[in-house]
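Student: Okay, predicted coordinates and the sequence, questions at the end:
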Amino acid sequence: MEVGLTERLDSFVRNHSDRQLATIPLAIFLVSIVVLGIVFVSSGAPVKLGMEFEGGTQISVASQETAASLEQKYADYPIVDARQAGSRVIMQFGPMDNEQQSELVRDVTATYSSVEIKQVGPVYGASLQQQAVQAVIISFIGMALVVFLIFKTFVPSVAVVLSALSDILIAAAFMNVAGIELSLGTVAALLMLIGYSVDSDILLTTRVLKRRGTPQENISNAMHTGITMTTTTLAALVVMYLVSTYSYVLSPSLTQINLLSDISIVLIFGLLADLMNTWLLNTSILRWYAGNQGSRRRKA
Amino acid sequence: MNGDEDQKSLFKDIRVIVFIIAILASIVFIQPGYSSEEGFNTGLNYGLDLEGGSWLQIRLQGAVAQLEADNEELAQTVLQNGIDDTVEIRQIDTNNGGLTVTFTTPAQLSSNHMDQLGVGESTITRSDNTTQVILHTSESTLITTYLTDALNAELVPLAVEDGVEYEIRTAVSEEELQQLMEEVGGNIVTDDQGTPIYREGVRTETRDLTKEILSDKLNALGLKDIPVTTVGEDYILIDFAGIDLATAKDIAEKPGKFEIRIITEGNESRHVLYGDAIQSVGIAGYNDNDGQWYTPFTLTDAGAEALQETAIDTGATTNPMAHNLVMYLDDEEVYSAPLSPSAAARLEQYPIYSWQASTGGDEESQAQAEQLQIHLRAGALPVNVELMGSGHVDASLGAQFKSQAVIAGLLALLAVAFVIYRRYNKPEILIPMVGTSVSEVIMILGFAGAIGWQLDLPSVAGIIAVIGTGIDHLVIITDEVLYEGKLPPRKVYLSRITKAFSIIFAAAATTIIAMSPLVVMGFGALRGFAITTIVGVLIGILIARPVYGKVIHEILESRAAKNPE
């Protein structure tokens, strides 16, 4: 099946001009920026912040009771939300004082089994927010520096960095659309995406710039390798997502693992964006650049 | 025949030898085993989210600042607060760092009363219904007393190069502190650039003391191996394996039971006071006069009176040697010594507020004095702390996470193998590729076992991520080597494999750079993810993937030799 995809994409790239190829990813890139902008204006952050960044308490328990009945049961506490996830109920609480929290923790651990509790103070949450922003920026700049050091030419390096930037912004915009909050897991996924997304770009750029043959031939060759790479990674991530998110459907003894679920879904969408950005955006810029270089060389 | 020679050369290759040694070492470190009770088991450590347990993240509240005040206003405020009557300052003299304050008040003062203020030595005279006091004190003592009252918190002054630095052991903002100092005609000292010398947090020594008290307390409760780690300047992280969150909070927050008793006869003793009668505990020091290490502490009014009363009743004041003063923490003796002759004599007449518990003159005594400093606090922490975050995972849920994470990893590997098989349609490529990937996972686990790394859920996610990038790199190598489905001539092969490795080294460098911020971010909550990814990528490009390059070449070559097309 992936062979079919590669061939279709290959002929699509061959039959369209550089400008046409770049239009689609750039349009999606702009839509993503608009989505992030709207969320930023309405909430003050480009993506919805999860409880790790906002502060609060999250308690998840194994229970046959409905989310609504648990919400009622803990109505004395600042409960914000309760939802069902398979055989578990996840409750979200706002800030409360230390004593109230201890009381709640004692009550929950005495009543339910398979309890998971996560509590983050608002001050810590705020400092995490700051650190997350710094981490993404440092990581991105570091990646960009490595890319420039490797290729030492301006246009191809910019093309790689632009594709990576677009991957991250599209993945972040997707989080907003799909209602996924920014958690430690999703920050890790965005950073991982910075690392993953340039793999195929580096392959493509090296093949086109350093191999003999026409740029189009090299692009087709790189595409065969690159799409295999991305599909294998996607296969691993889809499995990880399914096991960590839906395995409870098969057996009530299985449970959701939020961290793994968050990381995998964000990476899946980031890598789908990466397929598009590598083989349409980066390819078109590189083909245009290689064509220009080639014709200049011919003239000289 | 040809195949045999290839095999020989394969095992002579240094890369292959390193690879085999690394795999064997990893297996030793993982210590896989099987027992009928526990089933399959390993020597690997797991994080709390897989093992079950809870953790607390604590922030130490405090501020460190240099302060100055108008001596007259300061003395006036401090004395008036302490004496509870009008105070008139007559004269203030400065002499080598000290202050001599002469003041009058209508209140009747005893030297005992002045001692209790704890601001210095004083001489008291009384005539015409007015008390005149000459007090030898210092600016830092007065500032410390003033702020201790105003903030209801402990202050520790420390002489630094350019003045005195005060550590305030509670949360106080720069504005609040400035306002308090303005009330006594002073302010926060500013540096050359005019910025106030103020920072949030506590001194490193205080942070370490807090950490020590916590460790000490947990050990005292028989909870061995509870790691208390300091993160950054004012954060402390405690992991409680196998303990639920409610219990963990109780342990960390509740002080122990501290008691002082005086020996009456033989093994009999009488209760004097509990830990709540200890007002403050100073820092262990060395007394040049008697050559002894000691820990200073002060008692509350009630505590000092109780000690005086019991000492007189038991006869400790007249025969100190027969009536030791014994300190207990959670019913265990932590200190026992007689009253000093001078203290015994004074106690006959007045209660004593400031005490020094001497431990002796040698090195061991220093350690003892430092230990006593912790015991006197009865497990109460020296600074106010704020719970920044906490977490809890049931052991049963952790076990569920563990098995499910393993299932996710295995299924992910199968999915990858399926895609690879569909793409190349050749088992002779599939097997080395999947084998390399599995060997990388084994080496990551071996590394984790070797350094005692705790595998947590983020680490598992990291391992799955490494399987992903690892296969990516193997695909790059395979496609470079396998030109149009055939093995190229040796010279082309060498240049190809070099190019393949330059691509994967570049890709690995970006991954490592991208992951490195996570090593330090947010209490290292995702450190497991970052470390496994970075270590995995390094193991992959340095050990496993070069061998794959070699093996795939040998296999394709021997295959080409067997079936010439």
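Tutor: Thanks, I have the structure now.

Student: show me what contacts the residue nearest the centre of chain A?
Tutor: Centroid check for chain A by CA atoms, centre = their mean gives A:V266 as the closest residue, at 3.3 Å. The contact partners of A:V266, taken as CB atoms under 8 Å, 6 or more residues apart in numbering or on different chains, are A:171, A:174-175, A:180, A:186, A:189-190, A:193. In this view, the C-beta of every residue, glycine as well, is placed from N, C-alpha and C.

Student: so how many other residues sit close to A:V249?
Tutor: By other CB atoms under 10 Å in any protein chain shown, 10 other residues sit near A:V249.

Student: Am I right that it is in contact with A:L242?
Tutor: No: contact between A:V249 and A:L242 fails when scored by CB atoms under 8 Å: they sit 9.7 Å apart.

Student: what about chain A, any weak spots by pLDDT?
Tutor: Within chain A, the segments meeting pLDDT under 70 span A:1-3, A:294-300.

Student: Let me see the domain layout of it.
Tutor: A:2-50+A:124-294, A:56-119 (automatic domain parsing).

Student: following the lengthiest helix in chain A, which helix or strand shows up next?
Tutor: Looking across chain A with DSSP state H, the single longest helix is helix A:215-246. Sequence order places helix A:258-276 as the next helix or strand after helix A:215-246, per DSSP states H and E.

Student: got the angle for that following helix vs helix A:215-246?
Tutor: 160 degrees (axes from the mean of the first three to the mean of the last three CA atoms, to 10 degrees).

Student: what's the offset of helix A:258-276 from the middle of its chain?
Tutor: Distance of helix A:258-276 from the chain centroid (CA atoms, centre = their mean, to the nearest Å) equals 5 Å.

Student: Would you confirm that B:T230 belongs to a helix?
Tutor: No: the assignment for B:T230 (DSSP: H, G, I helix; E, B strand; the rest coil) gives strand, which keeps it out of a helix.

Student: gap between it and B:I58?
Tutor: Distance, B:T230 to B:I58, by CB to CB, to the nearest Å: 10 Å.

Student: So which of these two has more stuff around it?
Tutor: Between B:T230 and B:I58, B:I58 has the larger neighbour count (other CB under 10 Å), namely 25 against 15.

Student: So that one: helix, strand or coil?
Tutor: strand.

Student: Tell me where the model's unsure across chain B.
Tutor: B:1-10, B:35-40, B:220-225, B:255, B:378-379, B:483-487, B:521-524, B:563-565.

Student: how far away is B:P338 from chain A?
Tutor: According to CB to the nearest CB, to the nearest Å, B:P338 and chain A sit 42 Å apart.

Student: Give the burial count for that residue, as a bare number.
Tutor: B:P338 - counted by other CB under 10 Å - has 17 other residues nearby.

Student: nearest residue to it other than its sequence neighbours?
Tutor: B:P320 (4.2 Å; CB to CB, 6 or more residues apart in numbering or on different chains).

Student: try B:L60
Tutor: The nearest residue in space to B:L60 (CB to CB, 6+ apart) is B:D234, at 4.4 Å.

Student: Hmm, B:R59 and that neighbour touching each other?
Tutor: Yes: between B:D234 and B:R59 there is a contact under CB under 8 Å: 5.7 Å.

Student: so which helix or strand takes in residue 27?
Tutor: In the absence of a named chain, chain A is used. helix A:18-43.

Student: My question was about chain B, not that one.
Tutor: Using DSSP H and E, B:I27 falls in helix B:14-30.

Student: Buried residues, that helix. List them.
Tutor: For helix B:14-30, burial by neighbour count (16 or more other CB atoms under 10 Å in any protein chain shown) applies to B:15-16, B:19, B:22-23, B:26, B:29-30.

Student: which ones are touching residue 247?
Tutor: Just so you know, I chose chain A. Listed by CB under 8 Å, 6+ apart, the contact set of A:S247 reads A:254-256, B:404, B:407.

Student: wait, chain B
Tutor: B:F240.

Student: I'd like the distance between it and B:G256.
Tutor: The spacing between B:T247 and B:G256, counted by CB to CB, is 15 Å.

Student: Count residues in the vicinity of residue 85, would you?
Tutor: Using chain A. 15.

Student: um, chain B though
Tutor: Close neighbours of B:D85, defined as other CB under 10 Å, add up to 13.

Student: who's the residue most central in space within chain B bridged to?
Tutor: Most central in chain B under CA atoms, centre = their mean is B:T230, positioned 2.1 Å from the mean C-alpha point. Residues in a beta bridge with B:T230, per DSSP bridges, are B:I236.

Student: pretty sure it is touching B:R207, no?
Tutor: Yes: between B:T230 and B:R207 a contact is recorded at 5.8 Å, counting by CB under 8 Å.

Student: Any chance you could list residues touching both of the two?
Tutor: Joint contacts of B:T230 and B:R207 (CB under 8 Å, 6+ apart) are B:I236.
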